[in-house]
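Participant: sequence isn't available, so here's the structure alone:
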């Protein structure tokens, strides 16, 4: 094995606050998005903007997130991963403050888009830091914990946000929940994460930046991981975006029941992420990713075709469980593809996941208009199955040679 691979496995103890800091950082990046999704109608009423127009607030956010995720491929080579994570949390904090003080729709639009920059920094750097500071045997459980923390921001953040907003409107949760959580995460990350990266940093110049992208994109397995993540994140849109509408329109359930569906799906996703570490350690990164992507796709198809409410609900929860597992397993697989440029790999992977979500929204929307929810489930579920095929035939698990 090469020197780079050998170096990455010589890990020091990063401290007791290392994993809590990363998990809480991932958690803290979520509540602002939860607030926007949950209180979109209220925000639109404040600015006298229709819900359809107000919903476009996610468009510049997504565009900024994709662009900056690619830029992070360069920044992660030049700067310490801890510093980039802290700056990302700061961007989300500035975004939340801008939303709190926004006098009109345009300022709100610009302010919220800044959180796209923050998410594009926090998401890849949390996983890259795990690769920097933990041995290969410990990374799987750590990645699962971090991803589960992101799901918990919906599970915990939604009821807290709704409760506070019921007292004082949509701005009050920003002041009493979102911003304080971000400040706490900044402090915890500042003191809890190692000040210097233990990963090997090459001499930085223009050639290094180009090489970081070249090493990622010229690596067939790494590129396949990116394609697989586009497809599996597109499939997840069937749960993330459309599942509540499905139950409201197909089974005529109440809004309160639909909110329980969200909480149930988020819980299954979180627990799936947590337990995936055991599966990965037992079956390996590649096998676990292939298996969970396949099952997530199959159950996505099945829940849309079942005519019984409770069985369909159970199948959607099982799909959420496997989507949580594949999110963790595929992140573990991607993390090991290009050890010398983990920051670049995970940054490009973040862009791939964002692109997949956009693709899934477009494909799912068109399928829904043309073939109803059965067509949506089939179209997006097949993408999950296709992701499993890509992972199976085109990726390798480098840790088999390393352990």
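Facilitator: Here it is on my side, so go on. Quick caveat, the model's predicted, so the values are computed rather than measured. Residues are numbered from 1 along each chain as shown.

Participant: show me the shaky parts of the chain.
Facilitator: For the chain, applying pLDDT under 70 flags the ranges 1-13, 51-52, 196-207, 255, 401-403.

Participant: tell me how it divides into domains.
Facilitator: Structural domains of the chain, as assigned by automatic domain parsing, span the residue ranges 1-195, 215-403.

Participant: return the most buried member of those domains.
Facilitator: By mean neighbour count, with neighbours taken as mean count of other Cβ atoms under 10 Å, domain 215-403 ranks first of the domains of the chain at a mean of 22. All C-beta atoms are positioned from the backbone trio N, CA, C, and that covers glycine.

Participant: and the domains of the chain: which comes nearest residue 208?
Facilitator: Closest to residue 208 of these, according to Cβ to Cβ: domain 1-195, at 5.8 Å.

Participant: got phi/psi on residue 134?
Facilitator: phi -110, psi 150 (degrees, to the nearest 10).

Participant: mind starting the numbering at 823 from now?
Facilitator: New numbering, starting at 823: the last item is residue 956.

Participant: surely it meets residue 963?
Facilitator: No - counting by Cβ atoms under 8 Å, residue 956 sits too far from residue 963 to count as a contact (9.2 Å).

Participant: distance of residue 921 relative to residue 1102?
Facilitator: For residue 921, the distance to residue 1102 (Cβ to Cβ, to the nearest Å) stands at 37 Å.

Participant: now the helices for the stretch 1023-1172 of the chain?
Facilitator: For the stretch 1023-1172 of the chain, the helices identified by DSSP state H, counting those that start in this stretch occupy 1028-1039, 1042-1062, 1065-1072, 1077-1105, 1107-1127, 1131-1157, 1164-1216, in order along the chain.

Participant: for the stretch 823-972 of the chain, same thing?
Facilitator: 825-830, 840-850, 853-860, 862-868, 873-876, 880-900, 903-923, 927-955, 958-990.

Participant: can I get those helices in JSON lines with distance to residue 1038?
Facilitator: Output for the helices of the stretch 823-972 of the chain, formatted as JSON lines (distance: least, Cβ to Cβ, whole Å):
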{"stretch": "helix 825-830", "distance to residue 1038": "14"}
{"stretch": "helix 840-850", "distance to residue 1038": "22"}
{"stretch": "helix 853-860", "distance to residue 1038": "27"}
{"stretch": "helix 862-868", "distance to residue 1038": "36"}
{"stretch": "helix 873-876", "distance to residue 1038": "37"}
{"stretch": "helix 880-900", "distance to residue 1038": "8"}
{"stretch": "helix 903-923", "distance to residue 1038": "16"}
{"stretch": "helix 927-955", "distance to residue 1038": "12"}
{"stretch": "helix 958-990", "distance to residue 1038": "19"}
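
Participant: of all these, which one is nearest residue 1152?
Facilitator: Of all the helices of the stretch 823-972 of the chain, helix 958-990 comes closest under Cβ to Cβ, at 9.7 Å.

Participant: circling back to that earlier point, can I get the domains of the chain in TSV with distance to residue 1030?
Facilitator: Putting the domains of the chain into TSV (distance: least, Cβ to Cβ, whole Å) gives the following:
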stretch	distance to residue 1030
domain 823-1017	6
domain 1037-1225	9
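
Participant: nearest to residue 1031 among these would be which one?
Facilitator: Smallest distance to residue 1031 across those (Cβ to Cβ): 4.9 Å, for domain 823-1017.

Participant: check the offset of that closest one from the chain's centre.
Facilitator: Between the mean C-alpha location of domain 823-1017 and the chain-wide mean there is a distance of 10 Å, by Cα atoms, centre = their mean, to the nearest Å.
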